[in-house]
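Asker: got a sequence here, can you model it:
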Amino acid sequence: MTATGASDDRVLFEVDPDRRIATITLNNPSQRNSYDAAMRETVARHLDRVAEDDDVTVVLLRGAGGVFSAGADMKNAYGWYGAPGDEAGTERRPSQRRRLTVDRKSFGFYHNFMGFPKVTVGEIAGYALGGGFEMALMTDISVVARDTRIGMPATRFLGPALGSLHMFFHRLGPVLARRLLLTGDIIPAGEIEGLGIFTETCDSGSVTARARYWAEKAAKMPADGVVIAKEAFRLVEQTQVYHGEETASYLFHAFGTNLQFAPGEFNFVKTRAEHGAKEAFRLRDEHFHVSEPEA
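Answerer: Predicted structure coming up:
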């Protein structure tokens with residue numbers, strides 16, 4: 001297996017030319033492989049490279065340390081927008097101009113990943129939350145450990161205006177999509193094993209081998225036939241479920257960041273500014289916890 005250099009060592013890239021498989025590994029295990037804008041741009045560059053390489057037919061996407069990804073790094077939410085600080089070093093809220101520009105780029109990444117011309121295989125374990133959950137759902141073939149924690153807890157920040165709503169409804173179905181987006185629940189993947197959301201659900205110790213199996217299986221397919229099929233899949237999805245909503249999603253997200261919070265509602269941005277990110281996450285989970293009724 002031959003490795004190639006990367007501009008960000010938090011994203012690893014290697015190619016197995018004999019098997020025609022490229023592997024992209026999110027390598028930020030101390031943060032549960034959460035990613036910032038620079039990491040995502042590195043992933044995008046590697047995907048572009050694979051798209052132009054006729055000798056590679058499959059991309060295996062995984063995370064280091066037995067964790068797929070806890071999603072976008074929200075410790076510095078404004079950092080995604082490159083928001084400057086004032087002379088006192090205080091972060092300033094980014095303008096709507098910058099929000100729209102950055103969010104358009106974000107949805108462009110997801111659009112390109114969903115329409116990628118090669119087969120994408122996800123090795124999903126540990127956590128697949130937020131943007132990590134989105135990428136897991138976007139892969140063509142996904143192998144997930146039953147104990148993987150999945151969900152969109154970011155909806156507890158601003159509500160379900162975050163993310164690609166069309167993708168959740170299409171991939172999860174309307175009932176499960178509403179549950180996860182309207183509650184921010186985090187659930188084990190094994191709980192929905194029977195719904196066929198993922199290609200294969202297995203024990204955590206088997207995820208790596210099973211994902212590799214599917215990658216090698218897909219790599220034996222005729223590459224030109226695969227790309228034709230992928231374009232046909234994208235045409236069907238665009239015409240049936242994504243029409244118009246993709247453009248609206250980033251607009252909803254950008255304008256939704258100016259939501260007003262009523263007394264008693266949890267404002268993550270304000271809480272983080274007052275208490276720090278770690279305590280803000282703890283207070284968020286405490287606020288949204290509701291005990292199950294006794295049988």
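Asker: and residue 37, what are its phi and psi?
Answerer: When read as degrees, to the nearest 10, the backbone of residue 37 gives phi -60, psi -40.
Asker: again with residue 289
Answerer: Backbone torsions of residue 289, given as degrees, to the nearest 10, read phi -70, psi 130.
Asker: and the gap between it and residue 55?
Answerer: Residue 289 sits 51 Å away from residue 55, taking CB to CB, to the nearest Å as the criterion. The C-beta positions use only the backbone N, C-alpha and C, and glycine is treated the same way.
Asker: I'd say residue 188 and residue 146 touch.
Answerer: Yes - with contact defined as CB atoms under 8 Å, residue 188 reaches residue 146; the gap is 6.5 Å.
Asker: quick check: beta-bridge partners of residue 122?
Answerer: Per DSSP bridges, the residues bridged to residue 122 are residue 61, residue 142.
Asker: look at it and report its pLDDT.
Answerer: On the pLDDT scale, residue 122 is placed at 98.
Asker: look up how far residue 170 lies from it.
Answerer: 17 Å.
Asker: between the two, point out the one with more neighbours.
Answerer: Taking neighbours as other CB atoms under 10 Å, residue 122 and residue 170 compare with residue 122 leading, 29 against 16.
Asker: quick check: that one touching residue 150?
Answerer: No - using CB under 8 Å as the test, residue 122 is too far from residue 150 to be in contact (11.6 Å).
Asker: give the rounded mean pLDDT of the helix or strand hosting residue 208.
Answerer: Assessed by DSSP states H and E, residue 208 sits inside helix 207-219. Average pLDDT, helix 207-219: 98.
Asker: before we move on, back to that, give the residues shared as contacts by residue 122 and residue 150.
Answerer: Both residue 122 and residue 150 are contacted by 136, 144, under the criterion CB atoms under 8 Å, 6 or more residues apart in numbering.
Asker: bridging residues for residue 187?
Answerer: Here residue 187 sits in beta bridges with residue 150, going by DSSP bridges.
Asker: count the residues that sit near it.
Answerer: Other residues lying near residue 187 total 15 when counted by other CB under 10 Å.
Asker: contacting residues for it?
Answerer: By CB under 8 Å, 6+ apart, residue 187 lies in contact with 149-151, 180.
Asker: of those residues, grab the buried ones for PyMOL.
Answerer: Buried residues within the contacts of residue 187, by 16 or more other CB atoms under 10 Å, are selected in PyMOL with:
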select buried, resi 149+150+151+180
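Asker: and the contacts of residue 187 as a markdown table, adding distance to residue 130 and pLDDT?
Answerer: As requested, the contacts of residue 187 are exported to a markdown table (distance: CB to CB, whole Å; pLDDT from 0 to 100):
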| residue | distance to residue 130 | pLDDT |
| --- | --- | --- |
| 149 | 11 | 98 |
| 150 | 10 | 98 |
| 151 | 8 | 95 |
| 180 | 11 | 93 |
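Asker: with the contacts of residue 187 in mind, which one is nearest to residue 20?
Answerer: Of all those, residue 20 sits closest to residue 150, with 29.5 Å by CB to CB.
Asker: and the closest one, how far from residue 43?
Answerer: Taking CB to CB, one finds residue 150 at 20 Å from residue 43.
Asker: in stretch 280-295, what's buried?
Answerer: 280-281, 283-284.
Asker: what's the average pLDDT for that stretch?
Answerer: The model assigns stretch 280-295 a mean pLDDT of 90.
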